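> coords below, sequence missing:
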């Protein structure tokens, strides 16, 4: 399978971090309207550079066009690639117009091509593990989700100084103009909708809170930097998802059931630890104590926060466990190790590989068209809710997804293998006595 990239800015280097793990994917070349940037990519990665978009689209060796352009160009580039007979994988959002998104999928179907899109964290080890644990009944019946996507106070982060390993500037102006919801809520919507089906009700609010985040004039200057949405899923689960460029970084995911809770610390880390707590009277009582909540080593002895699960491993799990070919200096290697261990690790090529695998095996895409259109609508509803808020029913839906076969067949049952902590078991009688006269 051969791919070609349109756009090789900041995110391009993130895609390249796991290139070493995909010998089955050939990169035919890249094109960027910034020729200086294209030249940097050619020298650093040894890739072919197309002189223009037309040359890329008429290259018969290219199977999939990967659209990494700015959001305003997504529609045009994706349409041209589909019209040229190419499959397309595009960064999120597919477009910022729901009718435009529908039109692109209609075009793909008419041309017999596949249109797929980021994010691909649905395929990560962490998300695979929580999906398997939910299916195993580890938390009983899921009823409530809390999902955070706070990405630090942008006005304090000096975003205009951030660069990729090959010197591409972080696209801070576009990020702030498009907004935290457009850029990031998809990371949570993808796994929530995959596990719990379509959303039938949305109550949302969004607001611009902090002006003058950067010296560069923004257009528009007042894009919401905060949003919160309550989602009502068709299967009865309720969720609250929050996005901001205002609050300190918090990317947690929590699924609460009637018998326990699953939690993930970082939605941006493909191998973030997954913790399972099967509720007991001991653990729930212990949570009342300040020290139990704020000193994990103490609280965990009584079941607070549960235990870390062994992650489900999939066919490309190793990709985020090393980085090759992006940076060569000692500083870069040290920063790369620290980033993977402590901050985030994403395999962005995984979505393309899953797409290509489905095409080669002549089966449905893991994230079908109706699923991606639904995510697109939810993103736009939340982003555009405004200060008066909305309560509405989405116009789109999709056939619920089934747990992927390799995850379903993983040789572990997270419910039956869960064991309460020793002190949690021994403290049960004491807790009963403390609750009596």
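The structure has been received and is ready for your questions. Everything numeric in this text was worked out from a predicted model, so none of it was measured.
> List the buried residues for whatever helix or strand residue 101 lives in?
Assessed by DSSP states H and E, residue 101 sits inside helix 98-111. Residues of helix 98-111 classed as buried: 98, 101-102, 104-105, 107-108 (neighbour count, 16 or more other CB atoms under 10 Å). C-betas here are computed from N, CA, C, even on glycine.
> cool, stretch 247-254 as well?
The neighbour-count check on stretch 247-254 (16+ other CB under 10 Å) flags 247, 251, 253-254 as buried.
> same question, stretch 25-45
25, 27-32, 37-38, 40-41, 44-45.
> Show me the residues you listed that map onto helices.
Using DSSP state H, the subset of those located in helices is 37-38, 40-41, 44-45.
> Please tabulate the buried residues of helix 98-111 in JSON lines, including the columns distance to residue 314 and pLDDT.
Below are the buried residues of helix 98-111 laid out as JSON lines (distance: CB to CB, whole Å; pLDDT from 0 to 100):
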{"residue": "98", "distance to residue 314": "32", "pLDDT": "98"}
{"residue": "101", "distance to residue 314": "28", "pLDDT": "98"}
{"residue": "102", "distance to residue 314": "31", "pLDDT": "98"}
{"residue": "104", "distance to residue 314": "29", "pLDDT": "98"}
{"residue": "105", "distance to residue 314": "27", "pLDDT": "98"}
{"residue": "107", "distance to residue 314": "31", "pLDDT": "98"}
{"residue": "108", "distance to residue 314": "26", "pLDDT": "98"}
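> for the residues you listed, which one is nearest residue 73?
residue 104 (13.1 Å; CB to CB).
> where along the stretch 301-437 of the chain do the strands fall?
Remark: strands assigned in the stretch 301-437 of the chain by DSSP state E, counting those that start in this stretch are 307-308, 390-392.
> ok now the last one, how far from the chain's centre?
Between the mean C-alpha point of strand 390-392 and the mean C-alpha point of its chain there is a distance of 25 Å (CA atoms, centre = their mean, to the nearest Å).
> Going forward, count from 94.
All set: I'll call the first residue 94, so the last point we hit is now strand 483-485.
> Show me what that strand is packed against.
With contacts defined as 3 or more CB pairs under 8 Å, 6 or more residues apart in numbering; DSSP states H and E, strand 483-485 has these neighbours: strand 292-300.
> shaky segments in this structure?
Across the chain, the ranges flagged by pLDDT under 70 are 527.
> Work out which residue lies at the spatial centre of it.
residue 280 (2.8 Å; CA atoms, centre = their mean).
> secondary structure element for that residue?
Per DSSP H and E: helix 279-289 holds residue 280.
> Name the surrounding residues that touch that helix.
185-186, 211-212, 214-215, 220, 223-224, 227, 235, 238, 240, 242, 292, 324, 326, 328, 330, 332, 334, 344, 346, 360-361, 460, 464, 467-468, 471-472, 491, 494 (CB atoms under 8 Å, 6 or more residues apart in numbering).
> again, only this time at 7 Å
Contacts made with helix 279-289 from outside it, assessed by CB atoms under 7 Å, 6 or more residues apart in numbering, are listed as 185-186, 212, 214-215, 220, 224, 227, 235, 238, 240, 242, 292, 326, 328, 330, 332, 334, 346, 360, 464, 467-468, 471-472, 494.
> can you map out the helices along the stretch 194-343 of the chain?
In the stretch 194-343 of the chain, the segments counted as helices under DSSP state H, counting those that start in this stretch are 218-228, 265-271, 273-277, 279-289.
> Can you tell me which of these is most buried?
helix 273-277 (a mean of 26; mean count of other CB atoms under 10 Å).
> any idea how far it is from the chain center?
11 Å.
> who's in contact with that helix?
Contact with helix 273-277 is made by 186, 189, 242, 244, 268, 299, 317-318, 320, 336-338, 472, 475-476, as judged by CB under 7 Å, 6+ apart.
> Can you give me the neighbour number for residue 525?
Burial of residue 525 is recorded as 12 neighbouring residues (other CB atoms under 10 Å).
> how close does it get to residue 519?
Separation of residue 525 from residue 519 (CB to CB, to the nearest Å): 12 Å.
> Give me the buried entries from the contacts of helix 279-289.
185-186, 212, 214-215, 220, 224, 227, 235, 238, 240, 242, 292, 326, 330, 332, 334, 346, 360, 464, 467-468, 471-472, 494.
> Please identify the buried residues of stretch 433-449?
433, 437-449.
> Relative to residue 408, how far out is residue 501?
For residue 501, the distance to residue 408 (CB to CB) stands at 15 Å.
> Ignore what I typed, I meant residue 224.
For residue 224, the distance to residue 408 (CB to CB) stands at 16 Å.
> now do residue 244
Per CB to CB, residue 244 is found 30 Å from residue 408.
> what about those two, which has more around it?
Each of residue 244 and residue 408 has its neighbours counted (other CB under 10 Å); residue 244 has more, 22 against 13.
> Around residue 169, count how many other residues there are.
Neighbour count for residue 169, taken as other CB under 10 Å: 13.
> Please disregard the earlier target; I meant residue 457.
11.
> What of residue 486?
11.
> how about it, phi and psi?
Here is the backbone geometry of residue 486 (degrees, to the nearest 10): phi -110, psi 130.
> so it makes contact with residue 291?
No: assessed by CB atoms under 7 Å, residue 486 is found out of contact with residue 291, at 10.6 Å.
> what about residue 525, distance to residue 375?
Relative to residue 375, residue 525 is positioned 10 Å away (CB to CB).
> Equivalent analysis for residue 222, please.
Separation of residue 222 from residue 375 (CB to CB): 25 Å.
> My reading is that residue 368 is in a strand; is that accurate?
Yes: the assignment for residue 368 (DSSP: H, G, I helix; E, B strand; the rest coil) places it in a strand.
> neighbours around it, how many?
There are 18 residues near residue 368, going by other CB under 10 Å.
> Is it bridged to anything, and to what?
Judged by DSSP bridges, the bridge partners of residue 368 are residue 356, residue 401.
> which phi and psi does the residue nearest to residue 261 when sequence neighbours are not counted have?
Nearest non-adjacent residue to residue 261, counting by CB to CB, 6 or more residues apart in numbering: residue 103, 4.5 Å away. In terms of degrees, to the nearest 10, the main-chain angles of residue 103 are phi -60, psi -50.
> how deep is residue 103 tucked in, by neighbour count?
Residue 103 sits with 21 neighbouring residues when counted by other CB under 10 Å.
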